[in-house]
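1. need coordinates for the following:
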Amino acid sequence: MTFENFFPEYKLGVPKDDCTTTPLFDVASVRIDNNQFNMLESVKIYGTIVLIDDHGNEFYIFNCKHRNDAKTLTPKTPTSVILQNFKARGVPGKFCLLFDLKRKHPHGDANEDIVIFNDYKYMDCTKEVPYDEPQIAVFHNDDQYFITVTYKIFQCALLAEVGIIVEKTDKDDESGVAVITGELTRELSDDNVCTLLDVSYEKFDFGNYTPLSTLAVPAYSSLEFRSKLGVNGEELSGGLKFEPFTITNIFHEKQIGGRQYRIRVIVYWKRGATSLTEAEILEYYAKESETPFTNQRPTSKLLETNNAYYVQPSVRQYLDDLEWDINDLPTQLLEIFSISVCAYDQGSCPEGKAFSLKGKVKCYDCRGRLFIFDSDTEGVSSSGDIVKLVPDLGRGFVGSHLGIITNLKDNQGREISFGSATYCLHNIEGWRDKRICSVIRGQNGFAAVHYTIFSDAVLAKLSFEVGYDFESGDSTSCNVHGSINTWYSNFNYSTHYSKKFYRSTLFEKQECDAVELAAGEKIPLSKSVVAVPVYGLLVVEAIVYAQNGNHREELKFKETFSPDGAAIRKLRLGKGFGLSMDVEWVRHIPCTPLI
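-> Numbers count the residues shown, from 1 in each chain. Coordinates of the predicted model:
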């Protein structure tokens, strides 16, 4: 089975491989301000700033514990920041910033040093958060010291470890020492810069690799540098541009050259955070929840478990009765939760006009392919520059040979996403039971596909039948709107990101788009089949509104279903409106090609 079999548009250009990404939390800068600082040429600061996430992990943003290592700041310039190469992390649900900072007295001893900030601040990422935009948090105390923390939450990002090697153009002679002056900066999209190297006189050994910083880079953006460096008096200036690379832990390099010397800039692309399986995450939460959020809380970052999966006791009682859990071979299933398609800009679209998406998204397994989005004519429109697709696979995608292929354009014919994310026996092993986000780029945008490949799962086919008995109102039908979503009881949804992108939306209508249904009719679902891991429970959560004449009723509920093999029907009734939910489980899914 070749890529060309499923992508006849291959002749139109070279498709792009996906980048598997993670959401990342990155601190850009920490600045200290005080009215008295402006009258000073410089101040010396020491102490610590620690970020403690909701797992209890501790990460140092600033670490100058000893008075003799105090950092010199120049308050009259924008360089009065004290960030020390904070490495971007996975997005925490909630976190604490713990400040312990002092100003070194210029002429006195430690007893005369001034306490700047000795406090902690909590921040919350569980609610709606803006992605890929600078966020600013300002803290102050009674002594009129202000601390400004600038940070970003990247939706789909990679890590770039950046370093340099200084060499002579004549490689036969690597003796001597290079004296480096000047700066190397990263160009940012908001016209700001991030300084990686800023030295007035620094000695480097020729030929040695020197790491500079680890940066968070959106997978849909390039990494650009600007050099204004000098080596032993020779100026080496210029710009460099690196593109995110799908294969990680392979170094990429570009050079800034002169007559006598050159600087090799090295970039290692890495995935943002070690992706724990859902089972491992749950095991971690189970252990960490045994102790409160205090200074004594464990801060171990590795999990010690011999189990393939951690199963909550409330879930395990259901699994004890599953015959297929013991007798059947595992069924590997793909579940695509959502696809977010974004245009870099709307080009010549008049302001207020909708961004329209056309093209195809295909999915294939060992049995063949299926179009999960196919709109070459009218397209799908959005008032913004992002279109969210809810794929209804209609059947299970099974096995180790899986692929997601995109060929999407906007209403002006510009390429938004063109490429694929593919798995086979050689590369699927490390990705089972993990939340995956594959970014597939195009010339003018990208598609972010959020999915999980379950190592052992069943299919749940769902339907919802309307019933009503309104005392008032003469209509034989009612208007229905609201939302129905599914998720898994033993999975972690502590962040806004996980809630938004890793739940399946079966039904979502605003009041203006309500559907008219008669009693006994089924709600038209945008997605009716979901994969459910055998070690989890399926949760159906709904807020549905029904209106008949002047009568309006809200039906809000949450139901949990265990994959026990038997068809299930449950009723949820209000005063005059109700839903009948049917869940049918499918375990045995053939791996033979479909005819």
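
2. tell me the bridge partners for the residue nearest to Thr246 when sequence neighbours are not counted.
-> Nearest-residue entry for Thr246: Asp17, 4.2 Å, with adjacent residues in sequence omitted and distances by Cβ to Cβ, 6 or more residues apart in numbering. In this view, the C-beta of every residue, glycine as well, is placed from N, C-alpha and C. Per DSSP bridges, the residues bridged to Asp17 are Ser420.

3. residues near Asp17, how many?
-> Neighbourhood size, Asp17 [other Cβ atoms under 10 Å]: 16.

4. next, count neighbours for the residue lying closest to Tyr261 once chain neighbours are set aside.
-> Excluding its sequence neighbours, the residue lying closest to Tyr261 (Cβ to Cβ, 6+ apart) is Val231, at 4.1 Å. By the criterion of other Cβ under 10 Å, Val231 has 23 neighbours.

5. pretty sure Tyr131 contacts Ile153?
-> Yes: in terms of Cβ atoms under 8 Å, Tyr131 counts as a neighbour of Ile153; the distance is 5.6 Å.

6. between these two, which contacts overlap?
-> Applying Cβ atoms under 8 Å, 6 or more residues apart in numbering, one finds that Tyr131 and Ile153 are jointly contacted by Pro23.

7. contact partners for the residue nearest to Tyr261?
-> For Val231, counting by Cβ under 8 Å, 6+ apart, the contacting residues are Val166, Ala178, Val179, Ile180, Gly258, Gln260, Tyr261, Ile263.

8. gap between the fifth one and Ala178?
-> When you say that, I think you mean Gly258. Distance of Gly258 to Ala178, computed by Cβ to Cβ, to the nearest Å: 12 Å.

9. and if you look at Ala28?
-> Shown here: Ala28 relative to Ala178, a distance of 29 Å by Cβ to Cβ.

10. in a strand, that's where Ser175 is, yeah?
-> No: secondary structure of Ser175 (DSSP: H, G, I helix; E, B strand; the rest coil): coil, not part of a strand.

11. count of neighbours near the closest residue to it other than its chain neighbours?
-> Taking Cβ to Cβ, 6+ apart, and ignoring the residues beside it in sequence, Ser175 has Phe206 as its nearest neighbour in space, at 7.4 Å. Around Phe206 there are 17 other residues, counting by other Cβ under 10 Å.

12. the chain should start at 28 in everything you say after this.
-> That works, and once the first residue is 28, the last one we named lands at Phe233.

13. strands of the stretch 428-577 of the chain, residue ranges please.
-> When secondary structure is read from DSSP state E, counting those that start in this stretch, the stretch 428-577 of the chain shows strands at 429-437, 442-450, 463-468, 472-481, 484-495, 504-515, 531-536, 542-545, 556-560, 565-575.

14. quick check, nearest of the contacts of Val258 to Leu361?
-> Within the contacts of Val258, proximity to Leu361 (Cβ to Cβ) peaks at Ile290, which comes in at 44.9 Å.

15. doesn't the closest one lie inside a helix?
-> No: residue assignment for Ile290, taken from three-state DSSP, gives strand, which places it outside any helix.

16. check contacts around the nearest residue to it once chain neighbours are set aside.
-> Among residues not flanking Ile290 along the chain, Ile283 sits closest, at 4.8 Å (Cβ to Cβ, 6+ apart). Contacts for Ile283 (Cβ under 8 Å, 6+ apart) come out as Ser254, Leu256, Leu263, Ser264, Gly265, Leu267, Arg289, Ile290, Val292.

17. residues in contact with the residue nearest to Ser202?
-> Taking Cβ under 8 Å, 6+ apart as the contact definition, Phe233 lies against Val193, Glu194, Lys195, Glu201, Ser202, Gly203, Val204, Ala205.

18. among the contacts of Val258, the buried ones, what's the ChimeraX command?
-> Provided next is the ChimeraX selection string for whichever of those are buried by 16 or more other Cβ atoms under 10 Å:
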select :193,205,207,285,288,290
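
19. was I right to think Gly190 contacts Ile293?
-> Yes: applying Cβ under 8 Å as the test, Gly190 and Ile293 come out as touching, 4.8 Å apart.

20. now list whatever residues contact both of the two.
-> Shared between the contact lists of Gly190 and Ile293 (criterion: Cβ under 8 Å, 6+ apart) are residues Tyr236.

21. quick one on the thing from earlier: what's the closest of the contacts of Phe233 to Leu564?
-> Nearest to Leu564, judged by Cβ to Cβ, of the contacts of Phe233 is Val193 at 57.8 Å.

22. was I right about Ile616 contacting Gly423?
-> Yes: counting by Cβ under 8 Å, a contact exists between Ile616 and Gly423, whose distance comes to 4.8 Å.

23. need the strands of the stretch 428-577 of the chain in JSON lines with mean pLDDT and distance to Lys415, can you?
-> Written out in JSON lines, the entries for those read as follows (pLDDT from 0 to 100; distance: least, Cβ to Cβ, whole Å):
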{"stretch": "strand 429-437", "mean pLDDT": "90", "distance to Lys415": "13"}
{"stretch": "strand 442-450", "mean pLDDT": "90", "distance to Lys415": "14"}
{"stretch": "strand 463-468", "mean pLDDT": "91", "distance to Lys415": "14"}
{"stretch": "strand 472-481", "mean pLDDT": "91", "distance to Lys415": "10"}
{"stretch": "strand 484-495", "mean pLDDT": "90", "distance to Lys415": "20"}
{"stretch": "strand 504-515", "mean pLDDT": "92", "distance to Lys415": "13"}
{"stretch": "strand 531-536", "mean pLDDT": "93", "distance to Lys415": "9"}
{"stretch": "strand 542-545", "mean pLDDT": "92", "distance to Lys415": "19"}
{"stretch": "strand 556-560", "mean pLDDT": "92", "distance to Lys415": "17"}
{"stretch": "strand 565-575", "mean pLDDT": "92", "distance to Lys415": "18"}
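
24. turn the ones you listed into a markdown table, columns for distance to Ser240 and mean neighbour count.
-> Listed next are these as a markdown table, based on distance: least, Cβ to Cβ, whole Å; neighbours: other Cβ atoms under 10 Å:
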| stretch | distance to Ser240 | mean neighbour count |
| --- | --- | --- |
| strand 429-437 | 33 | 24 |
| strand 442-450 | 29 | 23 |
| strand 463-468 | 23 | 26 |
| strand 472-481 | 25 | 25 |
| strand 484-495 | 41 | 21 |
| strand 504-515 | 37 | 20 |
| strand 531-536 | 39 | 20 |
| strand 542-545 | 53 | 14 |
| strand 556-560 | 39 | 23 |
| strand 565-575 | 42 | 20 |
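
25. much appreciated, bye for now.
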